[in-house]
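Undergrad: Coordinates for the following, if possible.
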Amino acid sequence: MTTEATAAVLRDGGGRFGLEPIVVGPLAPDEILVRVVGVGMCHTDLAIRPGLERIGPAVLGHEGAGVVERTGDAVTGIEVGDHVVLSFEHCGRCVSCRSGHPAYCAEFMLRNLSGRRADGSTGAVDSSGTPLAGRWFGQSSFATHAVATARNAVVVDRGLPLELLGPLGCGLQTGAGAVLNVMRPGPGQSVAVLGAGGVGLAAVMAAAAAGAGDIVAVDLHGARLEVARALGATRTVTADAPDLADRLSDHGGVDFVLDTTAVTSAISTGVGALAPGGTAVLVGAGPGRLEIDPVALAGRAVTYAIEGDAVPQEFIPRLIGLWQDGRFPFESLIETYPLDRINDAESDSASGRTIKPVLLPGH
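TA: Residues are numbered from 1 along each chain as shown. Down below sits the predicted model:
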């Protein structure tokens, strides 16, 4: 069975999103049909623009949350009517998946960045029957309806504000997970966060929740640094400060650095600010190549974390619990837009006016 839907389709890497009627499905045995209530806009949704020809006309969006309307024959643990947050897709069979690290799935790139199922099918067509890349991060949720798998769906309590929860599936999970799952700072340790967008501010909140003592936020936008202070940063530094390296390494260096910018000069500065035994965790995606003098790594480590090295079914409920306790107030980052204002949401995100746009397909 197929389902008629409305989606924001991107056909030209340099063009605008356009709302179009599409058809999604039919469902594979392990898939679910979700009526999308809210979907966050993430940098990765926009970073594909230069390479859109690789996947073809696409329905993007990978921070969806909604209500399950139909399930495949092989789905267990998820029922029609369940409220779900959608996260990244993974195979569930490889060594990484079976060892509790699905973000490093052997098929991660295929299942998340191709816009297709693992078998190459797209799961969606436009009104003329032309296939669309409709499985972006296993969901393609810039639409009224999305097809996902049971693996990348997290059932949540029906009393929660579903329209706000989508960003927990990627951006907020990435920032908070980099701190809580990868760094794991002890009480009083120091964390520097380069870039105070949604990912970076999630990291600031997580560092505060973990009891970090010195939390430094770095960004070019003064308004975002003010938000960082309100969310737990103990110090803020403008990214273009001429003494940035010295200010980051105050008190003998920082224990952890998180880079969300993918700007290689910023990464180098961050690594140079590490205290002996410190770790830099990179999460930003960009075209640059990092060059580091090996001596700069003496007693230090650099790693790249995908999706906060999270198991979404465990980590998203953990973040919701922190939010319910008042320790992860992510709703303060969100501004909502109806789906037909997706181009405004993208523009506002690019300018820095909005930290975390969330699209509401039903409005």
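Undergrad: Who are the contact partners of the closest residue to Leu162 other than its chain neighbours?
TA: Leaving aside its chain neighbours, Leu162 sits nearest to Val37 (4.7 Å; criterion: C-beta to C-beta, 6 or more residues apart in numbering). For every residue, glycine as well, the C-beta is placed using N, CA and C. Contacts here follow C-beta atoms under 8 Å, 6 or more residues apart in numbering; on that basis Val37 touches Ala65, Gly66, Val67, Leu162, Glu163, Leu360, Pro361, Gly362.
Undergrad: The same query, at a cut-off of 10 Å, please.
TA: 64-67, 83-84, 141, 144, 161-166, 358, 360-363 (C-beta atoms under 10 Å, 6 or more residues apart in numbering).
Undergrad: So which of these sit within strands?
TA: Gly64, Ala65, Gly66, Val67, His83, Val84, Val358, Leu360 (DSSP state E).
Undergrad: Compare those residues and tell me which has the most neighbours.
TA: Tallying neighbours with other C-beta atoms under 10 Å puts Gly64 at the head of the ones in strands among the contacts of Val37, with 33 neighbours.
Undergrad: residues contacting it?
TA: 34-40, 84-87, 137, 139-143, 145-146, 148, 152-153, 165-166, 169-170, 359, 361.
Undergrad: Glu307 versus that one, what's the distance?
TA: 15 Å (C-beta to C-beta, to the nearest Å).
Undergrad: By mean pLDDT, point me to the weakest helix or strand of the protein.
TA: Lowest mean confidence among the helices and strands of the chain (mean pLDDT, DSSP states H and E): helix 244-248, at a mean of 87.
Undergrad: Ends of stretch 8-28, what's the gap?
TA: Using C-alpha to C-alpha, to the nearest Å, the end-to-end distance of stretch 8-28 comes to 23 Å.
Undergrad: Report the buried residues of it.
TA: Ala8, Val9, Leu10, Phe17, Leu19, Glu20, Ile22, Val23, Val24, Gly25, Leu27, Ala28 (16 or more other C-beta atoms under 10 Å).
Undergrad: my read is the fifth one is in a strand, agree?
TA: Think Leu19. Yes: Leu19 sits within a strand when classified using DSSP: H, G, I helix; E, B strand; the rest coil.
Undergrad: so what's it up against?
TA: So Leu19 contacts Thr6, Ala7, Ala8, Val9, Phe142, Ala143, Thr144, Leu339, Asp340, Ile342, Pro361 (C-beta under 10 Å, 6+ apart).
Undergrad: Can you lay out those as JSON lines showing pLDDT and distance to Tyr104?
TA: Below are the contacts of Leu19 laid out as JSON lines (pLDDT from 0 to 100; distance: C-beta to C-beta, whole Å):
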{"residue": "Thr6", "pLDDT": "98", "distance to Tyr104": "35"}
{"residue": "Ala7", "pLDDT": "98", "distance to Tyr104": "30"}
{"residue": "Ala8", "pLDDT": "98", "distance to Tyr104": "30"}
{"residue": "Val9", "pLDDT": "98", "distance to Tyr104": "31"}
{"residue": "Phe142", "pLDDT": "98", "distance to Tyr104": "26"}
{"residue": "Ala143", "pLDDT": "98", "distance to Tyr104": "28"}
{"residue": "Thr144", "pLDDT": "98", "distance to Tyr104": "32"}
{"residue": "Leu339", "pLDDT": "98", "distance to Tyr104": "32"}
{"residue": "Asp340", "pLDDT": "97", "distance to Tyr104": "37"}
{"residue": "Ile342", "pLDDT": "98", "distance to Tyr104": "31"}
{"residue": "Pro361", "pLDDT": "97", "distance to Tyr104": "31"}
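Undergrad: Now go through those residues and say which are in helices.
TA: Ile342 (DSSP state H).
Undergrad: Whichever of the contacts of Leu19 end up buried, select them in ChimeraX.
TA: With 16+ other C-beta under 10 Å as the criterion, this ChimeraX line picks the buried residues out of the contacts of Leu19:
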select :6,7,8,9,142,143,144,339,342,361
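Undergrad: Show me which of the contacts of Leu19 is closest to Ala301.
TA: Taking C-beta to C-beta as the measure, Ala301 lies nearest Phe142 of the contacts of Leu19, at 36.9 Å.
Undergrad: can you pull out the strands in the stretch 51-200 of the chain?
TA: 58-59, 64-71, 83-86, 124-126, 145-149, 153-156, 190-194 (DSSP state E, counting those that start in this stretch).
Undergrad: Turn these into a markdown table, including mean pLDDT.
TA: Formatted as a markdown table, those follow (pLDDT from 0 to 100):
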| stretch | mean pLDDT |
| --- | --- |
| strand 58-59 | 98 |
| strand 64-71 | 98 |
| strand 83-86 | 98 |
| strand 124-126 | 97 |
| strand 145-149 | 97 |
| strand 153-156 | 98 |
| strand 190-194 | 97 |
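Undergrad: Is Glu314 within a helix or a strand, and which one?
TA: Element membership for Glu314 (DSSP states H and E) is helix 312-324.
Undergrad: Let me see the mean pLDDT of that helix.
TA: Average pLDDT, helix 312-324: 98.
Undergrad: can you dump the C-alpha coordinates of that helix into CSV?
TA: The C-alpha trace of helix 312-324 is given here as CSV (Å, rounded to 0.1, in the frame of the first residue of the first chain):
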residue,chain,number,x,y,z
PRO,A,312,19.1,6.4,20.1
GLN,A,313,16.7,4.1,21.9
GLU,A,314,18.7,4.6,25.1
PHE,A,315,20.1,8.1,24.7
ILE,A,316,17.0,10.0,23.5
PRO,A,317,15.0,8.9,26.6
ARG,A,318,18.1,10.0,28.7
LEU,A,319,18.0,13.5,27.1
ILE,A,320,14.2,13.7,27.6
GLY,A,321,14.8,12.8,31.3
LEU,A,322,17.4,15.6,31.6
TRP,A,323,14.9,18.0,30.0
GLN,A,324,12.1,17.0,32.4
